[in-house]
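> sequence and predicted model, in that order:
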Amino acid sequence: MNPFVANLLLSLVWLVVTGTFSLGNLVFGFFLGAGSLFLIREQIGAVSYFRRGRKIVSLVLFLIYDLAISAWRVARTVLSPRLDVRPGVFLYRHRVSSEFEIALLSNLVGLTPGTLILDISDDERTLFVHALDCSDPNARRREIRDGFERRILELFA
């Protein structure tokens, strides 16, 4: 059985056993079920389930961190007395392969303040990215490659 499905079933069993049908209790049951499955992960073959969960948490935490840093940069730029920005468009050749990974990368990059995905090339290998400050496009490419793209590749490897 898929470990995620088993975890959901354990959380539903928790709801029935406690008799309290609320979202908070469901979430608590989910974490309780995850803890139970973690104890027997090697016997049921769920090691990759927890490894992937850790990588999802890493991606979400990095998104929150990147949102905060990008919002700070944009706020500092907008509130400075002298508007010293060099907006521009740069191309980013990504290494992700599936359509879901491309969409996820595009959305995560586009969510961060100061960047916008304008288009994806016809061969789906290049993103056209507009940046509020494009004074160093290579640094922006490295930020995407070492940030979101690396974590997406690790998650779906």
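Received it, and whenever you're ready, just let me know what you need.
> tell me the secondary structure for residue 91?
Following DSSP: H, G, I helix; E, B strand; the rest coil, we place residue 91 in the strand state.
> quick one, what contacts it?
Residues in contact with residue 91 (CB atoms under 8 Å, 6 or more residues apart in numbering) are 126, 127, 128, 129. (Each C-beta comes from the backbone N, C-alpha and C, glycine too.)
> now, those residues that are in helices?
The helices, defined by DSSP state H, take in nothing from those.
> which secondary structure elements does the helix ranked longest in the chain contact?
The helix that spans the most residues within the chain, counting by DSSP H, is helix 47-79. Counting contacts by 3 or more CB pairs under 8 Å, 6 or more residues apart in numbering; DSSP states H and E, the secondary-structure elements packed against helix 47-79 are helix 23-39, helix 41-44, helix 99-111, helix 150-155.
> closest one to residue 64 among those helices?
Proximity to residue 64 (CB to CB) singles out helix 99-111 among the helices and strands packed on helix 47-79, at 10.8 Å.
> buried residues in the next helix-or-strand element following that closest one?
Moving toward the C-terminus from helix 99-111, the next helix or strand (DSSP states H and E) is strand 115-120. Buried residues in strand 115-120, counted by 16 or more other CB atoms under 10 Å: 115, 117, 120.
> can you show me the CA trace of the lowest-mean-pLDDT helix or strand in the chain as PDB?
Ranking every helix and strand in the chain by mean pLDDT, DSSP states H and E puts helix 41-44 at the bottom, with a mean of 74. What follows is helix 41-44, C-alpha atoms only, in PDB (Å, rounded to 0.1, in the frame of the first residue of the first chain):
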ATOM      1  CA  ARG A  41       9.300   2.700   7.700                       C
ATOM      2  CA  GLU A  42      11.900   0.000   6.800                       C
ATOM      3  CA  GLN A  43       9.500  -2.900   7.300                       C
ATOM      4  CA  ILE A  44       6.900  -1.400   5.000                       C
END
